[in-house]
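*Asks:* A predicted structure for the sequence below; I have some questions about it.
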Amino acid sequence: MSRAELLRRLLAPSITGARAFALVTLLIAIPTLIRAAVNGFVTGCEFSVFLPFVLAAAVFMEWRYAAIVALGSVGLADYLFMTHASFFSGPCDVYVVGIFLTSSTLIISLVQFVRMRFAGIISTDRSDFASGQVVFSLENNQAWAGWHGRKTMVQLGKKDDVAEMMEDFLAQLELAERLNSPRRD
């Protein structure tokens, strides 16, 4: 597997459908069991154990599933571990839940930002490259190359250096065509 393929798989949410719902269940159940195991002697940190699992959900699944993990964690942790009889019974509950949901939102948003930012850079689909849809541009004396349908550009170098390399490349192509063409005697 190439490095580009590995990075593409890491950046793309790979678990969907029924497998995603099974993973959502696990990503809520595992931290709940961990929190239950320390419930007798740890208090005041009902939600912190759930944050790494929200991150795992955001990395391996679409943002919707990660949001389900965050919301499910809030409901379950509040019901099982907060010391009161009703859901969101006081200002402390609202504050703690607000901090957890804000942290979860930031985690999920960061993962989404990274995916969107690097989605156009890393691809193993060579159809754009093969179709000849390369676009060259110049900005601040720097040459750039991109492909139609992609948001990202690749910096090639200084304009003069790139022009010299392109001239050399075209000369090599011309020489190759002459050497490969049949002789006419």
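*Replies:* Looks like it arrived, so ask away.
*Asks:* and the residue nearest in space to the middle of the chain, what element?
*Replies:* Ranked by distance to the mean C-alpha position of the chain (C-alpha atoms, centre = their mean), the top residue is residue 115 at 2.9 Å. Taking DSSP states H and E as the criterion, residue 115 maps to helix 91-119.
*Asks:* please point out which parts of that helix sit buried.
*Replies:* The neighbour-count check on helix 91-119 (16 or more other C-beta atoms under 10 Å) flags 93, 96, 97, 100, 101, 103, 104, 107, 108, 111, 115 as buried. Placement of C-beta: from N, CA and C, glycine included.
*Asks:* quick one, helices of the chain?
*Replies:* Listed in chain order, the helices of the chain (DSSP state H) span 3-11, 17-37, 51-60, 63-81, 91-119, 127-130, 159-180.
*Asks:* for residue 136, which of the ones you listed is the nearest?
*Replies:* helix 159-180 (8.5 Å; C-beta to C-beta).
*Asks:* show me what that closest one is packed up against.
*Replies:* Applying 3 or more C-beta pairs under 8 Å, 6 or more residues apart in numbering; DSSP states H and E, we find helix 159-180 packed against strand 142-147.
*Asks:* rerun at 6 Å
*Replies:* In terms of contacts (3 or more C-beta pairs under 6 Å, 6 or more residues apart in numbering; DSSP states H and E), helix 159-180 is not packed against any helix or strand.
*Asks:* tilt between it and strand 142-147?
*Replies:* Inter-element angle recorded for helix 159-180 and strand 142-147: 50 degrees (by axes from the mean of the first three to the mean of the last three C-alpha atoms, to 10 degrees).
*Asks:* pLDDT averaged over helix 159-180 - what is it?
*Replies:* Here helix 159-180 scores 90 as its mean pLDDT.
*Asks:* what does stretch 42-52 give?
*Replies:* Here the average pLDDT along stretch 42-52 is 82.
*Asks:* what comes up buried for that stretch?
*Replies:* Of the residues in stretch 42-52, 46, 47, 48, 49, 50, 51 count as buried by neighbour count, 16+ other C-beta under 10 Å.
*Asks:* let me have those in JSON lines, extended by distance to residue 28.
*Replies:* Formatted as JSON lines, the buried residues of stretch 42-52 follow (distance: C-beta to C-beta, whole Å):
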{"residue": "46", "distance to residue 28": "14"}
{"residue": "47", "distance to residue 28": "12"}
{"residue": "48", "distance to residue 28": "15"}
{"residue": "49", "distance to residue 28": "11"}
{"residue": "50", "distance to residue 28": "8"}
{"residue": "51", "distance to residue 28": "13"}
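*Asks:* could you single out the nearest of those residues to residue 72?
*Replies:* For the buried residues of stretch 42-52, the nearest to residue 72 is residue 50 (9.1 Å; C-beta to C-beta).
*Asks:* how much space between that closest one and residue 146?
*Replies:* Separation of residue 50 from residue 146 (C-beta to C-beta, to the nearest Å): 41 Å.
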